[in-house]
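A.B. asks: Show me the folded form of this:
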Amino acid sequence: MNEKMELLKGVTFEDDGEVHVSPLPQDVLIVWGDHDQIFPLKQAVELKELLGDKARLEVIKNTAHIPQVEDANKFNDIVIKFLAGHSNSLFVN
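C.D. replies: Numbers count the residues shown, from 1 in each chain. A predicted model of the protein is given here:
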């Protein structure tokens, strides 16, 4: 729960209509569809830059706004590899 609160603290919406995101200290996986017309790929790249060096962007080709449904196998492979790289810290109290 604390991690969720920290994430929310890092995202603010200002009067200028822009989203302001603070870099996060933990590793972050961003999965995006290369044909997303709701949030274009350019925004994924910008988000990765805003989140900092620990953010990793994975783009799934030939998918749009819901790559986790449109190519579930590829999405699952990406998430499993990301989590496998963090297996030592997944169950730390």
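A.B. asks: Every contact and neighbour count from this point should use C-alpha atoms.
C.D. replies: Fine.
A.B. asks: which residues are contacting stretch 44-64?
C.D. replies: Here stretch 44-64 makes contact (C-alpha atoms under 8 Å, 6 or more residues apart in numbering) with 21-37, 67, 70-71, 74-75, 78.
A.B. asks: Show only the entries of those found in helices.
C.D. replies: Using DSSP state H, the subset of the contacts of stretch 44-64 located in helices is 67, 70, 74, 75, 78.
A.B. asks: Can you tell me which residue sits nearest the middle of the protein?
C.D. replies: For the chain, residue 30 is the residue whose C-alpha lies nearest the centre (C-alpha atoms, centre = their mean; 2.4 Å).
A.B. asks: residues contacting that one?
C.D. replies: 44, 48, 55, 56, 57, 58.
A.B. asks: For the protein, which segments count as strands?
C.D. replies: 11-13, 19-21, 28-33, 55-60 (DSSP state E).
A.B. asks: among those, which gets the worst mean confidence?
C.D. replies: Note on the strands of the chain: strand 11-13 shows the lowest mean pLDDT, a mean of 52.
A.B. asks: if we can go back for a sec, with neighbour count added, can I get the ones in helices among the contacts of stretch 44-64 in JSON lines?
C.D. replies: Formatted as JSON lines, these follow (neighbours: other C-alpha atoms under 10 Å):
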{"residue": "67", "neighbour count": "22"}
{"residue": "70", "neighbour count": "15"}
{"residue": "74", "neighbour count": "15"}
{"residue": "75", "neighbour count": "20"}
{"residue": "78", "neighbour count": "18"}
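A.B. asks: Among those, which one lies nearest to residue 84?
C.D. replies: The closest of the ones in helices among the contacts of stretch 44-64 to residue 84 turns out to be residue 78 (C-alpha to C-alpha; 9.9 Å).
A.B. asks: Tell me how many other residues surround the closest residue in space to the closest one that isn't next to it in sequence.
C.D. replies: Nearest residue to residue 78, sequence neighbours excluded (C-alpha to C-alpha, 6 or more residues apart in numbering): residue 58, at 7.6 Å. By other C-alpha atoms under 10 Å, 16 other residues sit near residue 58.
A.B. asks: Equivalent analysis for residue 28, please.
C.D. replies: Residue 28 has 16 nearby residues by other C-alpha under 10 Å.
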